[in-house]
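Undergrad: Build the 3D model from these lines:
(2 chains)
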Amino acid sequence: MTMMNVGRPTRPEGDVTASATSLTGGRGLLQDEALIFELGGWDKTGVDLPAPEADASDLGGLVRDDLALPGLSEPEAVRHYVRLSQKNHAIDLALYPLGSCTMKHNPRLNEKAARLAGFADLHPMQPEATVQGALALMDRLAHWLKTLTGMPAVALSPKAGAHGELCGLLCIKAAHEAAGQGHRRTVLVPTSAHGTNPATAAFVGYSVTEIAQTPDGRVDLTDLEAKLGPDVAAIMVTNPNTCGLFERDILEISRLTHQAGAYFYADGANFNAVVGKVRPGDLGVDAMHINLHKTFSTPHGGGGPGAGPVVLSQALAPFAPAPWVVSGPDGLRLQEHDTGFGRMSAFHGQMGMFVRAYAYMLSHGADGLRQVAEDAVLNANYIKARLSGVMSAAFPDGPCMHEALFDDAWLEGTGVTTLDFAKAMIDEGFHPMTMYFPLVVHGAMLIEPTETESKAELDRFCEALLALAAAAKAGDVERFKGAPFLAPMRRLDETLAARKPKLVWRNDTEGVAPAP
Amino acid sequence: MRYLPLTPADRAQMLGVIGAPDVDALFEDVPAAARKADLFDLPLHAGELEVERELGALAAMNRPAGAGPFFCGAGAYRHHVPATVDHIIQRSEFLTSYTPYQPEIAQGTLQVLFEFQTQVARLTGLEVANASMYDGSTACAEAVMMAQRVTRREKAILSGGLHPHYAATTQTIAHAEGMEIVRQGVGIDAEAAVIDLIDDETACVVVQTPNVFGVATDVSKIAEAAHAKGALLIVVTTEAVSYGLLKSPGAMGADIAVAEGQSIGNGLNFGGPYVGLFAVREKLVRSMPGRLCGETVDAEGRRGYVLTLSTREQHIRREKATSNICTNSGLCALAFSIHLSLLGGTGLKQLAALNHARARALKAAVEAAGLEVLTPRFFNEIAVRTPGPAAALVDDLLADGIVAGVPFSRLDPAAGMDDVLLLAATETTTPEDIAALKAALERRLAR
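TA: Purely as a prediction, here's the structure:
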């Protein structure tokens, strides 16, 4: 029998190398997606509800008549958000080397656990007798955090790292006031600190003094000693610091701080580097927030929600905010009042994050968490070693901790900036590293791989960066200046956005379906 | 260990490339005295099944709101969330991405934030909203401090109907920044009297509607009085579904509206994570805390979105920032936005009307059972006077499988209102739930 060779062609024909743009402006499956205000119907709804059994006639003039919001049917809504999602990069797609952000794998078990009705469907103010399991979970989480940090107390309620910083500084302020030391008005912050540190100190009314850094990227002890005076309330130190280096003189820093009558606040953003191996309590720390969304892998969610419990030393524990879990004759209960300190937010903290973090801790255990720190540090040092021949490490001598910091000295003369290099990484399928931070390193590129990357993914990442570096040095500037070329969007005009802020969609500017 | 991809062979090979004899060598900068040779006194790693068992056992010790008649409100509300919402927020690209610092590969998150900001602005009747705060209570505290920046005055007046935990949060945070916080005495329907406290030193007046006792108030007169003295009016709402029925803060003259957005798209979660809404008049935008997303164009002229006006923020301004806030509540804002897109204005109005109708049925039932209702005008929540301590009545009714509400004393034990119980009804409250409560109350009160 002879094959009829007149069907669908099975191999490309004609000039297959020619490129084309689409006729409708999209990029294949990546279509421009309209706003819900352009898509939705003003009278449409994607939710079926029963008719109310009574009207609102009893409310008289309190009833509004001006609500114009578009509605989408369920299929339209699903498509809108799925299309939008495809314009996002995510840790589930590739190594996400944002230094200081600890973008590690988010286990799905944790999502499942947090959605159990016994956690997700609990009201914060329902009787304590009906939430004994939730209180037990908070209590156990607190036990793990205290054990891992070697600290005697923890305030669970802060809702994010910066909120934890605020909590810690408020505890410090209260402790000073209780000791007749309320005149202490200064907080010392190293030049390499996260922006939240000085912002938080200023927020609670402290003035901020910067501490110099040594050429090897650590706190300058001489400068610290000179600035530690009777007006200093606290020092805020990140350790490992934002250069990815462990503060070798940390014991001396805490000794000098305490000798001057000040408290030692540690920014725990980089706790992932030492979890299970080093206890901040052994370093003389008085307060430290723990970003559960970093070290303990609760998802970043495109910018929150996070959680920032604060561990406290014996000296600061009496000044912790409400609420906390206490054990009584009838089981566990919440101490919610008469604490003298106040409260950080309306309820008990980020319970949904507590469940996820606790599931993560149980999964890893004492042995696994130690391995987390070791692999995180090993991965960063591996990247540093592989890239150092081509890119310039900011602190080449000695090992780094969980992140590898490069400067832009190696780009000199290429015409390529740190920003260009970072944007070109997008075309190679990677999220850029943290750029231009810490501020103490010129054109900084801060790479944090985390422990959840395989060697193969680390190699793929290093090879992409080495190829880009070779292109930069070979004078292929166009590849960088216009980058990204292959992303859902080209480079965006941030100056325009700030000069003429357009922060909400408005009918009159878009000329589409008017509101009723 | 299932979350750690490196094999022992990988590790050995990588140490070879690094030129380190072992992993401990990489920790050489840690003082020897602080290096722990032994494992910490905690359990060892566990498989997924074992972890699931332990957490399942803890969850089973709790009584979920949906397990029976349930009337708690007071700042957190049980609503039905469409299945679509939870499905979409678990998509990897939304769940496992960072703050959208690289807009070229974060347009999904950014467009959602732009849509969210517009939805919040329209709900609150104000011109501009930010990309969310941690929750309603911290948004309230931030609004008070914003008023200090705008007016350069130090005094904030909190109305007696403000949720006591919002007042405490604001007191804790704003006081530390040097503000004087004046709290009107707790009152069920005393908002109008807050006008008497406003003077030339007042930076802002904070009024909640519906307030913690469920009382809905037209705050227009308070707005006029505040503006006459050069102060700002901050309107707080803890039940965002009420925007579907009640006059918006903006329409009543508010300068800043803050709210707890949990009711839309987000579960109860034992108090968090929630999502704070924050909206202002246009002229105040540069004094606002938090992230803002704005429209712009890319190099090819295509419409896109970026984080903008970041010169207000901590990572640029450091100690001169408008707030120390860094992350917002992105995923909860996404959930809020999806749910609200599904509802639309039409659905939200209908949902709000349904909530109000159920609360009217609840009011009729508790009155028929002999309790005095203290809330004159309400959305979906009422305060009632109980014959003895409200907490004791709640404990009693637990035996009938009913969670009857929140005793006001739980929120503010010092107010001397131990006999006040707060009850809420939503679309999840069935006529059978209300009948069960009525019958149980009649049994208890007859004794």
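Undergrad: which residue is nearest the centroid of chain A?
TA: Nearest to the mean C-alpha position of chain A, by C-alpha atoms, centre = their mean, lies A:Cys101 at 4.7 Å.
Undergrad: Phi first, then psi, for it.
TA: Here is the backbone geometry of A:Cys101 (degrees, to the nearest 10): phi -110, psi -20.
Undergrad: Roughly how far does the residue nearest to it when sequence neighbours are not counted sit from B:Arg318?
TA: Using C-beta to C-beta, 6 or more residues apart in numbering or on different chains and skipping the chain neighbours, the partner closest in space to A:Cys101 is B:Tyr98 (5.7 Å). Placement of C-beta: from N, CA and C, glycine included. Distance of B:Tyr98 to B:Arg318, computed by C-beta to C-beta, to the nearest Å: 21 Å.
Undergrad: One more: A:Asp55?
TA: Per C-beta to C-beta, A:Asp55 is found 54 Å from B:Arg318.
Undergrad: Same question for A:Glu111.
TA: The spacing between A:Glu111 and B:Arg318, counted by C-beta to C-beta, is 35 Å.
Undergrad: what do you get for B:Glu142?
TA: The gap separating B:Glu142 from B:Arg318 is 18 Å, by C-beta to C-beta.
Undergrad: More neighbours: these two, which one.
TA: Neighbours per residue (other C-beta atoms under 10 Å in any protein chain shown) separate B:Glu142 from B:Arg318, with B:Glu142 holding more: 28 against 22.
Undergrad: Is it correct that the more buried one is in contact with B:Met133?
TA: Yes. Counting by C-beta atoms under 8 Å, B:Met133 is a contact partner of B:Glu142 at 6.2 Å.
Undergrad: Mind listing the shared neighbours of these two?
TA: B:258, B:278, B:289-290, B:325 (C-beta atoms under 8 Å, 6 or more residues apart in numbering or on different chains).
Undergrad: between those, which has the most around it?
TA: Greatest neighbour count in these, by other C-beta under 10 Å, goes to B:Val258: 33 neighbours.
Undergrad: Next up, phi/psi of the residue of the stretch 101-250 of chain B found nearest chain A, please.
TA: Nearest to chain A, among the residues of the stretch 101-250 of chain B, is B:Thr172, at 3.1 Å (C-beta to the nearest C-beta). With angles defined as degrees, to the nearest 10, B:Thr172 sits at phi -60, psi -50.
Undergrad: In space, what's closest to it - neighbours in sequence excluded?
TA: Per C-beta to C-beta, 6+ apart, closest to B:Thr172 is A:Gly342, 3.1 Å.
Undergrad: What pLDDT is listed against A:Leu67?
TA: Note for A:Leu67: predicted pLDDT of 93.
Undergrad: Pull the contacting residues for it.
TA: If you count contacts by C-beta under 8 Å, 6+ apart, then A:Leu67 has B:122-123, B:243-244, B:248, B:345, B:348-349 around it.
Undergrad: okay, now the residue of the stretch 101-250 of chain B closest to chain A: neighbour count?
TA: The criterion is other C-beta under 10 Å. On that basis, B:Thr172 has 23 neighbouring residues.
Undergrad: In this structure it contacts A:Ala322, no?
TA: No. B:Thr172 is beyond contact range of A:Ala322, at 9.4 Å (criterion: C-beta under 8 Å).
Undergrad: Quickly list what's touching both of these two.
TA: Counting by C-beta under 8 Å, 6+ apart, the shared contacts of B:Thr172 and A:Ala322 are A:341-343.
Undergrad: Neighbour-wise, which one of those residues leads?
TA: Taking other C-beta under 10 Å as the neighbour criterion, A:Arg343 ranks highest of those with 27 neighbours.
Undergrad: Settle this for me: that one is touching B:His165, isn't it.
TA: Yes. The pair A:Arg343 / B:His165 is scored as a contact, 6.4 Å apart, by C-beta under 8 Å.
Undergrad: which residue sits closest to B:Gln107, ignoring its sequence neighbours?
TA: Here the residue nearest B:Gln107, using C-beta to C-beta, 6+ apart, is A:Lys87, at 3.9 Å.
Undergrad: Could you check how far the one you found is from B:Gln171?
TA: Using C-beta to C-beta, A:Lys87 is found at 42 Å from B:Gln171.
Undergrad: who's more crowded, the two?
TA: The neighbour comparison of A:Lys87 against B:Gln171 (other C-beta under 10 Å) goes to A:Lys87, with 24 against 19.
Undergrad: Test my guess that the more buried one contacts B:Val112.
TA: No. Counting by C-beta under 8 Å, A:Lys87 does not reach B:Val112; the two are 10.2 Å apart.
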